[in-house]
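Asker: generate coordinates for the sequence data below:
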Amino acid sequence: MISRAALLKELLAIIEDDLGTVPAGITEASNLRESLGMDSVDMITVISRVEQNYRIRMSHEELAKLETVSDILDMITFKCSENATAKAA
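Answerer: Predicted coordinates:
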């Protein structure tokens, strides 16, 4: 698994591709809707790209819990480790 800093960089690149820009000062604690101005369509687009890039799937319940940049990073880490465990079994 890649480092959290590398994941953050990749996630911000995905967000920038969708929004056309990423506001300065975005951190892991930044709220997706308030700080980044993402609406539900933006969220679906970004999460779809995340799922494709990392070969993971998120349930609707998991998607509903994503509020911050850190939430997405945590979900990527969790889902990737879950996949690695399943492949090792």
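
Asker: any idea of the mean pLDDT for stretch 53-66?
Answerer: Stretch 53-66 shows a mean pLDDT of 94 in the predicted model.

Asker: I meant to write stretch 26-41 there.
Answerer: Rounded mean pLDDT across stretch 26-41 is 94.

Asker: residue nearest the centroid of this structure?
Answerer: Centroid-nearest residue in the chain, with CA atoms, centre = their mean: residue 72, separated by 3.5 Å.

Asker: need the contact list for that one.
Answerer: By CB atoms under 8 Å, 6 or more residues apart in numbering, the residues touching residue 72 are 11, 32, 46, 47, 50, 66. For every residue, glycine as well, the C-beta is placed using N, CA and C.

Asker: before we move on, what about residue 39?
Answerer: Listed by CB under 8 Å, 6+ apart, the contact partners of residue 39 are residue 33.

Asker: separation between it and residue 83?
Answerer: Distance, residue 39 to residue 83, by CB to CB, to the nearest Å: 29 Å.

Asker: before we move on, back to that, got the contacts of residue 72 as a markdown table, with neighbour count columns?
Answerer: Output for the contacts of residue 72, formatted as a markdown table (neighbours: other CB atoms under 10 Å):
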| residue | neighbour count |
| --- | --- |
| 11 | 21 |
| 32 | 20 |
| 46 | 21 |
| 47 | 18 |
| 50 | 22 |
| 66 | 19 |
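
Asker: show me which of those residues is closest to residue 21.
Answerer: Closest approach to residue 21 among the contacts of residue 72 (CB to CB): residue 46, at 13.8 Å.
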